[in-house]
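Colleague: make a model of this:
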Amino acid sequence: MSDWTGGYIADIGYTYGYYGELNPHRIKLAFLRAGLACPDNINACELGFGQGVSSNLHAAASVTNWYGTDFNPAQAGYAQQLAEASGANARLFDESFAEFCSRPDLPQFDFIGMHGIWSWISDENRQIITDFLRRKLKVGGVLYVSYNTQPGWAAMAPMRDLLVEHAELMGAAGHGIVPRIDSALEFASKLVGAGARYGVANPGVAARLEALKGQNRNYLAHEYFNRDWEPMSFSKMTRWLGDAKLDFACSAHLLDHVDAINMPVEQQQILKDIPDRSFRETVRDFLVNQQFRRDYWVRGLRPVSALERIEKLRAQRFIMVAVREEITLKVSGAIGEAVLHENVYVPLLDLLSDLRVHTLHDIERALEGKADFNGVLQALMILAGKGCIQLVQDDMTIKAATPQANRLNRELCNQARYSEAVSALASPVTGGGVGLNRFEQLFLLSSKDAPNEPAAWARSMLQALAAQGQRMLVEGKLAESPEIEREAALRLANDFKNKRLPVLKALRVQC
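Modeller: Have a look, this model is predicted:
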């Protein structure tokens, strides 16, 4: 009997996470910041889409034609359910990489994305994907890929191997992966706690094991316990993708573009003195102790002129996607937490808090005397990296995408009546997802039939919980009485109406 899993964990589903880096629209900001030309997106593909949340949100929130595959039929079935609900042009399959990448009916792609795939598959599958990229990614097309990397994994890699071996050899047969994960983590903690010299030489491992114990078991199963697992150096990644004629473009993690929050001046100078782009990225990984890279690669690296870059950046449109009073003037980089300058960020946030669309040029004029062009651009990169703002699509795309985004959001909000799995909805304004927890989705669903009635939203939410024998947590514990639960639900509903709902309306997130 063949092993259709290929060594990949299949007896527990992957998480229902949303990953904004897979939104092709956000490429523009990173590429223009780096002085590079980027393509328009007509056809996009995600390899290994998990539950398909990102693929479906991006398909529904745009006019891009999405394709993709995930080997797990249960996950692909859920992804296809969402695609059918939205009616967006998303063709999602349950095929292996070998099967999907050899399909004769696939178009040439402007964008191909892989989140959390590359480090967890075999060299055989990497070769299949590399060949697919060489054949199917257009000239000028972009690859997004995330992967575990050295040196950030250097200390933990031996422990990961120990965890997997314990799960395979010492775990209770027939009990599934979760008990084996729990047993492996307890054994590893006991080993380090007994004074193992490995733990003494790598003091951060004990804290990391404790952190793992509190994490979602679905995530841990797929992150740590697959048969194939390799943190890959940037130089080795360059050799793999070089076979597909791809060049490194820039980081997809927008905060990586701001050196000041990631490296002291002395380290920045070390990088500036390195002429080779590939070696510069390798050295950067050592400087920041990189553990996980999120990168854009391109087939045909094309710089744009300084004037064209500035003109295109000034034309980019932005909108606030967070609640103004919840945004702090702090940002976390590789060297810790930095405080943002009030004289720039306060007026900038005040401007954007009108929840209207603003071009960079508009913002630059509004901040005249407080920040120059480069200062405004850096501020916008930081706010985008913090998740406070996003790029805005053109008006025609917004109009075309709105009906299908509404249909997908209605499906997801209905699912929230009995599940908290998906915590994002589609915005046709940004072409991507907007984070909403289960309660917020239920409030949004109720607001369709009872506008401006938070009390009704709260009652509907509590009814959905009660139907499943569930209750609210208030201050970290179960509500002590129905009255306390109703009061807490009403507070949340009023907060949603006054703070979150205006943002969602600006983003045209509705159901």
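Colleague: by mean pLDDT, flag the weakest helix or strand of the protein.
Modeller: Each helix and strand of the chain was given a mean pLDDT (mean pLDDT, DSSP states H and E); the minimum falls on helix 217-224 at a mean of 81.
Colleague: tell me what that one is packed against?
Modeller: Helix 217-224 sits against helix 157-169, helix 177-193, with contacts defined as 3 or more CB pairs under 8 Å, 6 or more residues apart in numbering; DSSP states H and E. Just so you know, the C-beta spots here come from the backbone N, C-alpha and C atoms, and that holds for glycine as well.
Colleague: again, only this time at 6 Å
Modeller: helix 177-193 (3 or more CB pairs under 6 Å, 6 or more residues apart in numbering; DSSP states H and E).
Colleague: identify all contacting residues around the helix it packs on.
Modeller: 11-12, 163, 166-167, 171-172, 199, 206, 209, 212-213, 217, 220-221 (CB atoms under 6 Å, 6 or more residues apart in numbering).
Colleague: cool, stretch 113-124 as well?
Modeller: 19, 22, 46-48, 144-148, 226, 228-230.
Colleague: just to revisit the earlier point, so for the least confident helix or strand of the chain, what gets flagged as buried?
Modeller: Buried residues in helix 217-224, defined by neighbour count with 16 or more other CB atoms under 10 Å: R217, N218, L220, A221, H222, E223, Y224.
Colleague: scan the contacts of stretch 113-124 and report the most crowded one.
Modeller: E46 (29 neighbours; other CB atoms under 10 Å).
Colleague: which strand residues bridge the residue nearest to it when sequence neighbours are not counted?
Modeller: Excluding its sequence neighbours, the residue lying closest to E46 (CB to CB, 6 or more residues apart in numbering) is G68, at 4.0 Å. With DSSP bridges as the criterion, the beta-bridge partners of G68 are E46, L92.
Colleague: residue contacts, G68?
Modeller: C45, E46, F49, S55, L92.
Colleague: same thing but 10 Å
Modeller: By CB atoms under 10 Å, 6 or more residues apart in numbering, the contact list for G68 reads 22, 44-50, 52, 54-56, 59, 76, 79, 83, 90-93, 95, 100, 112-113.
Colleague: how close does it get to D105?
Modeller: Distance of G68 to D105, computed by CB to CB, to the nearest Å: 14 Å.
Colleague: mutual contacts of these two, please.
Modeller: R91.
Colleague: rewinding a little: P39: which of the contacts of stretch 113-124 is nearest?
Modeller: Nearest to P39 among those: Y144, at 12.8 Å, using CB to CB.
Colleague: so the closest one belongs to a strand, correct?
Modeller: Yes - applying DSSP: H, G, I helix; E, B strand; the rest coil, one finds Y144 inside a strand.
Colleague: any buried residues in stretch 479-499, and which?
Modeller: Buried-residue list, stretch 479-499, by 16+ other CB under 10 Å: A479, E485, R486, A488, A489, L490, L492, A493, F496, K497.
Colleague: just to revisit the earlier point, format the buried residues of helix 217-224 as CSV; extra columns: distance to F132.
Modeller: Output for the buried residues of helix 217-224, formatted as CSV (distance: CB to CB, whole Å):
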residue, distance to F132
R217, 32
N218, 27
L220, 29
A221, 26
H222, 22
E223, 24
Y224, 27
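Colleague: widest-spaced pair of those?
Modeller: Greatest spacing in the buried residues of helix 217-224, by CB to CB: N218 and Y224 (11.6 Å).
Colleague: who touches D259 in this structure?
Modeller: Listed by CB under 10 Å, 6+ apart, the contact set of D259 reads V265, Q267, Q268, L271, K272, R284, G333, A334, Q378.
Colleague: which one of these sits closest to V63?
Modeller: Q378 (31.2 Å).
Colleague: with adjacent residues omitted, what lies nearest to the closest one?
Modeller: Sequence neighbours aside, V258 is the residue nearest to Q378 in space, at 5.9 Å (criterion: CB to CB, 6+ apart).
Colleague: wait, that neighbour touches M381, no?
Modeller: Yes - with contacts counted by CB atoms under 10 Å, V258 reaches M381, the gap being 5.8 Å.
Colleague: and for those two, which residues touch both?
Modeller: The contact sets of V258 and M381 overlap at R33 (CB under 10 Å, 6+ apart).
Colleague: next one, pLDDT for A464 please.
Modeller: With respect to pLDDT, A464 has a value of 94.
Colleague: over to the one 4 residues further on?
Modeller: The predicted local distance difference test score for Q468 is 90.
Colleague: distance of the residue nearest to it when sequence neighbours are not counted relative to P482?
Modeller: Excluding its sequence neighbours, the residue lying closest to Q468 (CB to CB, 6+ apart) is Y418, at 6.2 Å. With distances taken as CB to CB, Y418 is found 21 Å from P482.
Colleague: and what of S62?
Modeller: Counting by CB to CB, the separation of S62 from P482 is 44 Å.
Colleague: G113 sits in which helix or strand?
Modeller: strand 109-114 (DSSP states H and E).
Colleague: tell me which strands that strand pairs with, and in which orientation.
Modeller: Here strand 109-114 is paired, per DSSP bridges, with strand 43-47 (parallel), strand 137-148 (parallel).
Colleague: one step back: and the contacts of D259, which of them are buried?
Modeller: Buried members of these, scored by 16+ other CB under 10 Å, are Q267, R284, G333, A334, Q378.
Colleague: and the nearest residue to E411 once chain neighbours are set aside, what pLDDT?
Modeller: In this structure, E411 finds its nearest non-sequential neighbour in A85, 3.8 Å apart by CB to CB, 6+ apart. pLDDT, A85: 98.
Colleague: same question, G174
Modeller: Looking at G174, its pLDDT stands at 62.
Colleague: over to the one 10 residues further on?
Modeller: As predicted, A184 sits at a pLDDT of 90.
Colleague: and if you look at D3?
Modeller: You'll see D3 listed with a pLDDT of 53.
Colleague: okay, and the beta partners of L478?
Modeller: L473.
Colleague: give me the number of residues near it?
Modeller: Counted with other CB under 10 Å, L478 comes out at 11.
Colleague: OK, contacts around it?
Modeller: Per CB under 10 Å, 6+ apart, neighbours of L478: Q470, R471, M472, I484, E485.
Colleague: among those residues, which ones are in strands?
Modeller: Judged by DSSP state E, strands contain none of the contacts of L478.
Colleague: how about a markdown table for these, with distance to V321 added?
Modeller: Shown next, in a markdown table, are those (distance: CB to CB, whole Å):
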| residue | distance to V321 |
| --- | --- |
| Q470 | 29 |
| R471 | 31 |
| M472 | 26 |
| I484 | 32 |
| E485 | 30 |
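Colleague: which of these sits closest to L391?
Modeller: Proximity of the contacts of L478 to L391 was ranked by CB to CB; the top entry is M472 with 35.9 Å.
Colleague: and that closest one, how close does it get to L465?
Modeller: M472 sits at a distance of 7 Å from L465 (criterion: CB to CB).
Colleague: which neighbours do these two share?
Modeller: Common contacts of M472 and L465 (CB under 10 Å, 6+ apart): F439, E485, A489.
Colleague: can you put these in a markdown table and add pLDDT and distance to E342?
Modeller: Formatted as a markdown table, these follow (pLDDT from 0 to 100; distance: CB to CB, whole Å):
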| residue | pLDDT | distance to E342 |
| --- | --- | --- |
| F439 | 97 | 33 |
| E485 | 94 | 40 |
| A489 | 96 | 36 |
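Colleague: pick the one among those residues closest to P454.
Modeller: The closest of those to P454 turns out to be A489 (CB to CB; 9.2 Å).
Colleague: relative to E440, how far out is the spatially closest residue to A401 that is not a sequence neighbour?
Modeller: Closest residue to A401 apart from its sequence neighbours, by CB to CB, 6+ apart: P428 at 3.8 Å. Going from P428 to E440 by CB to CB gives 18 Å.
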